[in-house]
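next come a sequence and a model predicted from it.
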Amino acid sequence: MASSRQQREQREARERLRAYQARQEVHDRRIKRRRRDNVLAVAGGLLVAALAITTQVVYFTAGPGAPAPAPSASPSETPSAQAGENVGAPDADLAEDRVWTGELVINDVALGIELDGTKAPQAVAGWVQDVQDGYYEGKTCHRLATNDGFSFLQCGSLDGTGAGDPDFRYGPIENAPADSIYPAGTIAMARAGGDAYSNGHQFFVVTADTMLPADQAGGYTVVGTVTSGLDELIAQVTSAGVDEATVGSDGTGKPVVPATITRVTLQ
């Protein structure tokens, strides 16, 4: 039979073994937890970086840091013409190097207009041909912007969706403001981004002073001005705002009050 001393020593040895095993288990758990924390930290860092990149992308493409979007024809529907190539557009001589006066009627609002054939002969020639052909009657104003410093009503699309007319395109850009400011009442031509030869039927009426930074092609052809009726157009059509169901990332969309060109005259 083992002596009391031997029993005590065996008991102490077992206790030391248990204590060692317990310390080893604690050590192993710490190692596993440290590895897990390191993995989570790396994953968290990657997530934060991804969110930061996403935030910057959204800010500079759709948020307040984005360049001001421009009135434009649909690029997908208006393939680029060759440099200097006009398609279906009349000779600039049709503008007769003079100022044309007339009336643009949207819904029941009659806007007095002046088109300057001395400063924008090609664009005015395009208008004269469209008016002679009766193109504008019945065409809609499909796009409205009402933001501070970015306010216009865009009209004249071939099918009412903003699509361009591949059979009627012209350039170059004419009479664009050097400071990129388009005062209220300006009538300017819409075009596809980066394409100076994508002017066509579509135009926009600026309803409040608006800045439209030039792109690589330049600014936007100012064809003329509204001389009367702008306040009534704002009161009856644009002041109702943009249809929320159609608002795009740039804040533009269809006007709440449907707008249709009922008549255009020039003389």
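Arrived safely.

show me where the stretch 151-267 of the chain has helices.
Counting by DSSP state H, counting those that start in this stretch, the stretch 151-267 of the chain has helices at residues 230-236.

now do the contacts for the residue nearest to Val222 when sequence neighbours are not counted.
Nearest non-adjacent residue to Val222, counting by C-beta to C-beta, 6 or more residues apart in numbering: Asn175, 4.5 Å away. In this view, the C-beta of every residue, glycine as well, is placed from N, C-alpha and C. Applying C-beta atoms under 8 Å, 6 or more residues apart in numbering to Asn175 gives the contacts Asp116, Lys119, Ala120, Ala123, Thr221, Val222, Val223.

do you know how far Asn175 is from Ile234?
24 Å (C-beta to C-beta, to the nearest Å).

same deal with His201?
For His201, the distance to Ile234 (C-beta to C-beta) stands at 23 Å.

next one: Asp195
Distance, Asp195 to Ile234, by C-beta to C-beta: 30 Å.

which of the two has more neighbours?
Taking other C-beta atoms under 10 Å, Asp195 and Ile234 do not tie; Asp195 has more neighbours (22 against 19).

for that one, report the pLDDT, please.
What the model reports as pLDDT for Asp195 is 94.

and if you look at Ala95?
98.

tell me the phi and psi of it?
phi -70, psi -10 (degrees, to the nearest 10).

equivalent analysis for Ala123, please.
phi -70, psi -40.

looks to me like Leu104 is in a helix.
No - for Leu104, which was evaluated using DSSP: H, G, I helix; E, B strand; the rest coil, the result is strand, with no helix membership.

surely it meets Ile113?
Yes - with contact defined as C-beta atoms under 8 Å, Leu104 reaches Ile113; the gap is 5.0 Å.

which neighbours do those two share?
Val226.

who has more neighbours out of these two?
In this view Leu104 and Ile113 are compared by other C-beta under 10 Å, and Leu104 has more residues nearby, 27 against 24.

which residues touch the nearest residue in space to the more buried one that is not next to it in sequence?
Sequence neighbours aside, Leu111 is the residue nearest to Leu104 in space, at 4.5 Å (criterion: C-beta to C-beta, 6+ apart). By C-beta under 8 Å, 6+ apart, the contact set of Leu111 is Glu103, Leu104, Val105, Val205, Val226, Ser228, Gly229, Leu230, Leu233.

assumed Leu111 was part of a strand.
Yes - Leu111: assigned to a strand according to three-state DSSP.

so Asp130: helix, strand or coil?
At Asp130 the chain is in helix, as set by three-state DSSP.

for it, give its distance to Val256.
27 Å.

and the two? Which one has more around it.
Using other C-beta under 10 Å, the more surrounded residue of Asp130 and Val256 is Asp130, with 21 against 17.

return the per-residue confidence for that one.
For Asp130, pLDDT reads 98.

what residues are up against it?
Applying C-beta under 8 Å, 6+ apart, one finds that Asp130 lies in contact with Tyr136, His201, Val264.

which one of these sits closest to Met189?
Proximity of those to Met189 (C-beta to C-beta) peaks at His201, which lies at 9.1 Å.
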